[in-house]
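[1] show me the folded form of this:
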Amino acid sequence: MNPLSAEPLEIFVLIIWASIFLFLAFKFIQAICLVPTQSAYVVERLGKYKCTLEAGFHVLLPFIDRVAFIQDLKEETIDVPPQECFSMDEVNVEVDGVIYIQITDPLKASYGITDYRFAAMQLAQTTTRSVIGTLELDRTFEERDIISAKVVEVLDKAGEAWGVRVHRYEIKNITPPLTVKNAMELQVTAERERRAILAKSLGDKASRINRSEGQMTEMINISEGEKQRQINSAEGKAEEIIAIAKATGESIRRIAQSIEQPGGEEALNMQLSEQYLDKLKGLSRKDRKIILPNNLLDFNQWINTLGLDKK
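    Have a look, this model is predicted:
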């Protein structure tokens, strides 16, 4: 046997054994599983479900066990693409949304359905179409919560078999046709103008009411003030009359006392005569009537003219 021909054969055998060793090492390394938090590994043994590995360190049997599915247990979002829906009043609108979903049972999510994400998206679209079909166009914008709640209810029932839980469904956009959108904008503009006119009229009404109430209050205050002024004036006049009467009575009393004194009557007659003569000087001939005694030199007749009797 030629020694030169044996060397390539040995090298070939070494390469084969090295490949086998590397393959076995790779399988043993692959049998070591480090499962991260919020993840689940579904393990099959010889093609049959074996167990579900939770977070931590795990060792599998090489060539026998394998990780068939890796499921993420964190909550995730699934965009629902826009779809055309017809409302109850036969208006075509375009609706899209987003689903917030989470795996609760990795086993059901792996074997209960082929693709739970696609199934949830399709079910959300069909449920949205059916719910919008029972509503008029105006109500679809107002009752998004009803649509979302109905979609979540349907997805939750289906999710029990899929091992998933739908937390919520949110509608992102409801887009009507351009013609309907323009009509709605005109309607909104008209409604705003109506509200502005109504608010202006209510404001004008309130202004008129306030102005009239202010005028009424002003008139009441003026009348109350005039009333009080007249009362005060009357009270002042009454007090003045009472004071004058008291003063007059006092003066009469003192005059009476003076008359009773010796020579008092003559002094009184003299004073009255002087006052009468002073009055005669200031009287006008045209406007006044003067009563004179027959004899201007008779002093007693002057006294009688004044209405006094001399004792």
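[2] what segments of the stretch 101-250 of the chain are helices?
    Applying DSSP state H, counting those that start in this stretch to the stretch 101-250 of the chain gives helices spanning 106-111, 116-132, 137-142, 144-162, 178-260.
[3] and I99, which of those is closest to it?
    I99 lies closest to helix 116-132 among those, at 5.7 Å (CB to CB). For glycine as for every other residue, the C-beta is placed from the backbone atoms N, C-alpha and C.
[4] and the closest one, average pLDDT?
    For helix 116-132, the mean pLDDT works out to 90.
[5] which residues does it contact?
    78, 80-81, 83, 85-87, 93, 95, 97, 99, 101, 103, 109, 113, 140, 146-147, 150-151, 154-155, 158-159, 162-164, 166, 169, 171 (CB atoms under 8 Å, 6 or more residues apart in numbering).
[6] could you turn the buried ones of the residues you listed into a ChimeraX selection?
    Those of the contacts of helix 116-132 that count as buried under 16 or more other CB atoms under 10 Å are selected in ChimeraX with:
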select :78,80,83,85,87,93,95,97,99,101,103,109,113,140,147,150,151,154,155,158,159,162,163,164,166,169,171
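[7] on that earlier part again, now the helices of the stretch 101-250 of the chain as a markdown table including distance to L34?
    Putting these into a markdown table (distance: least, CB to CB, whole Å) gives the following:
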| stretch | distance to L34 |
| --- | --- |
| helix 106-111 | 17 |
| helix 116-132 | 25 |
| helix 137-142 | 49 |
| helix 144-162 | 27 |
| helix 178-260 | 54 |
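[8] out of those, nearest to A40?
    Closest among the helices of the stretch 101-250 of the chain, once you apply CB to CB, is helix 106-111, at 3.9 Å.
[9] just the CA atoms of that closest one, as PDB, please.
    What follows is helix 106-111, C-alpha atoms only, in PDB (Å, rounded to 0.1, in the frame of the first residue of the first chain):
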ATOM      1  CA  PRO A 106     -48.900  29.800  25.400                       C
ATOM      2  CA  LEU A 107     -50.100  26.200  24.700                       C
ATOM      3  CA  LYS A 108     -53.500  27.400  23.200                       C
ATOM      4  CA  ALA A 109     -51.800  30.200  21.400                       C
ATOM      5  CA  SER A 110     -49.400  27.700  19.800                       C
ATOM      6  CA  TYR A 111     -51.800  24.800  19.000                       C
END
